[in-house]
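> Here is the input, now give the coordinates:
(one chain, ligands or ions: 2)
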Amino acid sequence: MPSHLPPGQHERADFPRFGLTPFKDRFPQQTTRRELLVTGDVTHEVQVADVFEGLPRVEQTSDFHCVTTWSRRGLRWGGVRFADFHAEVVVPRAAPADAARFVILRGQDGARTCMLLDDLLAPDVLLVDTLDGEPLPVAHGAPLRLVAPAHYGYKSVKALCRLEYRHDERSFRPNVFRFMDHLRARVMFEERGRGVPGVLLRYLYRPLIASTVAQFAESMRAHASRPTGGRGAAD
Ligand SMILES: Nc1nc2c(c(=O)[nH]1)N[C@H]1C(S)=C(S)[C@@H](COP(=O)(O)O)O[C@H]1N2
Ligand SMILES: [Mo]
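Ligands and ions are numbered 1, 2, ... in the order given. Predicted coordinates:
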């Protein structure tokens, strides 16, 4: 673990539920099955019933960096490497086009991001179902989330349900203004957004953290106290 945080980041003691505020009240319908639809520029569209089947489990401790400048150190994630899922499941079963170098990742709440396939194939990018030795909670992306520690948190899609392999970025519409979205979003290079210096975005985002954390926590409390007990009502 690095002893210094990346540029512009500040450590938090807790790990808050976080995101764009329109997503705070959207909860996954399906919280138990680690399933994924693999689609886009593929020969066969495949609904994978259990992403983890036949793949080696790995555990990894990594820091998590939100683009709004908070960081949480030393989270212990359990899951499988995205690279293994890609090589052992996606390539043989879906047969994506050779030119499909981009992947659009979608969450059950409508959150989406686009990454370079090459970035997803890094050995520290995982599809996870545990956090600190416990089943991944809904607050942090149950039943299945991506973790890409070298990239800002908005790439680590929670409640991941769909991967679209694409040969270009054209079909991708970010959830936010384009300047707030960076294709790579590497923390080390402070790629917070595009066309705007990362340093500038620090000051734009930092004042939003406290109220976002409070709103997400309040929505989670309200959801958990519903009769379904915070588990997906549809299941
Ligand atoms: N499905 C989904 N994934 C998401 C988000 C979201 O709102 N919905 N927010 C992103 C952002 S901006 C961050 S910082 C992290 C926060 O992860 P956490 O809620 O587990 O702390 O999730 C990312 N992935
Ligand atoms: Mo974030």
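> What is the end-to-end distance of stretch 19-30?
One end of stretch 19-30 to the other measures 19 Å (C-alpha to C-alpha, to the nearest Å).
> same deal with stretch 147-158?
Stretch 147-158 end-to-end distance (C-alpha to C-alpha) = 9 Å.
> same check, this time on stretch 100-114
First-to-last distance for stretch 100-114 - C-alpha to C-alpha - comes to 12 Å.
> The one helix or strand Gly78 maps to near ligand 1 at all?
Using DSSP states H and E, Gly78 maps to strand 70-81. No. Applying C-beta under 6 Å from any ligand atom, one finds strand 70-81 out of contact with ligand 1, separated by at least 7.4 Å. For the C-beta atoms, the positions are set from N, CA and C on the backbone; glycine is no exception.
> Which positions in that strand come out as buried?
Trp70, Ser71, Arg72, Arg73, Leu75, Trp77, Gly78, Gly79, Val80, Arg81 (16 or more other C-beta atoms under 10 Å).
> Output these in CSV; the columns should cover pLDDT.
Converted to CSV, those look like this (pLDDT from 0 to 100):
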residue, pLDDT
Trp70, 98
Ser71, 98
Arg72, 98
Arg73, 98
Leu75, 98
Trp77, 98
Gly78, 98
Gly79, 98
Val80, 98
Arg81, 98
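> and the two most separated of the residues you listed?
Longest distance between any two of those is 27.2 Å, between Trp70 and Val80; criterion C-beta to C-beta.
> Parallel or antiparallel, which strands does the strand holding Gly78 pair with?
strand 10-11 (parallel), strand 58-65 (antiparallel), strand 126-131 (antiparallel) (DSSP bridges).
> Quick one: closest of these to His182.
strand 58-65 (13.1 Å).
> Is that closest one positioned near ligand 1?
No. Strand 58-65 is not in contact with ligand 1 by C-beta under 6 Å from any ligand atom; minimum separation 6.9 Å.
> Get me the contact residues on the protein for ligand 2.
Cys66, Val67, Gly153, Tyr154 (C-beta under 5 Å from the ion).
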